[in-house]
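Chemist: Have a look; sequence and predicted model below, questions after that.
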Amino acid sequence: MGRALLVLANDAFKARAIDWIKRAPAGTRVTFQGPQRTRDQNAKCWAMLTDISMQVEHHGRRYAPPDWKAIFLSALGRETRFVPSLDGTAFIPIGQSSSDLSVAEMSDMIELMLSWGAERGVVWSDPNAERPEAPVEGEAA
């Protein structure tokens, strides 16, 4: 068996998961995660990352929202690896995706940003305000 993902949305999917477990060969790895973060959480997160990027310097430098996302994911203990770019002139962070965060994990990230931002005087905008839409990771932009 390769990789598979089931969302336990109803009893039929739960039965399928049980069947897969019964038929799985020894050594098969199983991971359980909470429900995936919501679109509302994602929108709030990107609004907050934008607010931070417009108001805060980090070590004398301003960063774009995706850079701040990587910084906060790292602060939460998410795995980060760096690999050389194809031309060898830079290093690229790998493993910094928020698309697989659970509702609880995304709540933790938002709470971290709220706390960190409050210490630095960040003024939070309305997450429902009109702004360029940030892409949802895993979806086409």
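Modeler: That came through fine. Quick caveat, the model's predicted, so the values are computed rather than measured. Numbering: from 1, shown residues only.

Chemist: where does Arg120 fall, phi/psi-wise?
Modeler: Backbone torsions for Arg120, taken as degrees, to the nearest 10, come to phi -110, psi 10.

Chemist: burial measure for Leu8, as a count.
Modeler: 13 (other Cβ atoms under 10 Å). Glycine gets a C-beta too; all of them are placed from N, C-alpha and C.

Chemist: now do the one 10 residues further on
Modeler: Other residues near Ile18 number 10, with proximity taken as other Cβ under 10 Å.

Chemist: wait, what's in contact with the spatially most central residue of the chain?
Modeler: Closest residue to the average C-alpha location of the chain: Ser98 at 1.2 Å, with Cα atoms, centre = their mean. Shown here is Ser98, whose contacts under the criterion Cβ atoms under 8 Å, 6 or more residues apart in numbering are Arg37, Asn42, Cys45, Lys69, Leu73, Met106, Met109, Glu137.

Chemist: Verify the stated contact: the third one with Asp108.
Modeler: This points to Cys45. No. Using Cβ atoms under 8 Å, Cys45 makes no contact with Asp108, being 11.2 Å away.
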